[in-house]
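Student: Give me coordinates for this.
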Amino acid sequence: MDQRISVLVSERERMSTALEALPVTAWPSAANFILFRPETRSGREVWQDLVNRSVLVRDFTTMEGVEGCLRVTIGTSDENDRFLNALREALS
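Tutor: As a prediction, the model looks like this:
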């Protein structure tokens, strides 16, 4: 269990750092997910683009208080790489 937590924390930090380099606003997280808001396209457009690429994130775009936001769950290194690559493409 401790090893899984360590991997999760490491992947969350890696994801947070990667998101800092993209045109998104990402909020600090101590959980197994990161909340972020795209800056160059609407959250809904980015969500749909990710879905079209078979990458699932939680759509919070119409939820009061976090309008325009999406939430990604921290997965395996490969899953996170797939998400980051798809997000880069969706934002370009």
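Student: Would you list the phi and psi of the spatially most central residue of the chain?
Tutor: Centroid check for the chain by Cα atoms, centre = their mean gives residue 72 as the closest residue, at 3.8 Å. With angles defined as degrees, to the nearest 10, residue 72 sits at phi -110, psi 140.
Student: What are the boundaries of the strands in the chain?
Tutor: 24-26, 33-38, 58-60, 69-73 (DSSP state E).
Student: re earlier: need the contact list for the residue nearest to the residue nearest to the centre of the chain when sequence neighbours are not counted.
Tutor: Nearest residue to residue 72, sequence neighbours excluded (Cβ to Cβ, 6 or more residues apart in numbering): residue 57, at 4.8 Å. (C-beta placed from N, C-alpha, C; glycine too.) Residue 57 sits next to 47, 50, 70-73, 83 when contact means Cβ atoms under 8 Å, 6 or more residues apart in numbering.
Student: And for residue 24?
Tutor: Contacts of residue 24 (Cβ under 8 Å, 6+ apart): 36-39, 87, 91.
Student: How confident was the prediction at the closest residue to residue 41 other than its chain neighbours?
Tutor: Distances taken as Cβ to Cβ, 6+ apart place residue 91 nearest to residue 41, at 6.5 Å, with adjacent residues excluded. pLDDT, residue 91: 97.
Student: Could you dump the strands of the chain into JSON lines with distance to residue 9 added?
Tutor: Shown next, in JSON lines, are the strands of the chain (distance: least, Cβ to Cβ, whole Å):
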{"stretch": "strand 24-26", "distance to residue 9": "16"}
{"stretch": "strand 33-38", "distance to residue 9": "12"}
{"stretch": "strand 58-60", "distance to residue 9": "20"}
{"stretch": "strand 69-73", "distance to residue 9": "14"}
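Student: Output the contacting helices and strands for the longest helix that the chain contains.
Tutor: Longest helix in the chain, counting residues (DSSP state H): helix 2-20. Applying 3 or more Cβ pairs under 8 Å, 6 or more residues apart in numbering; DSSP states H and E, one finds that helix 2-20 contacts strand 24-26, strand 33-38, helix 77-91.
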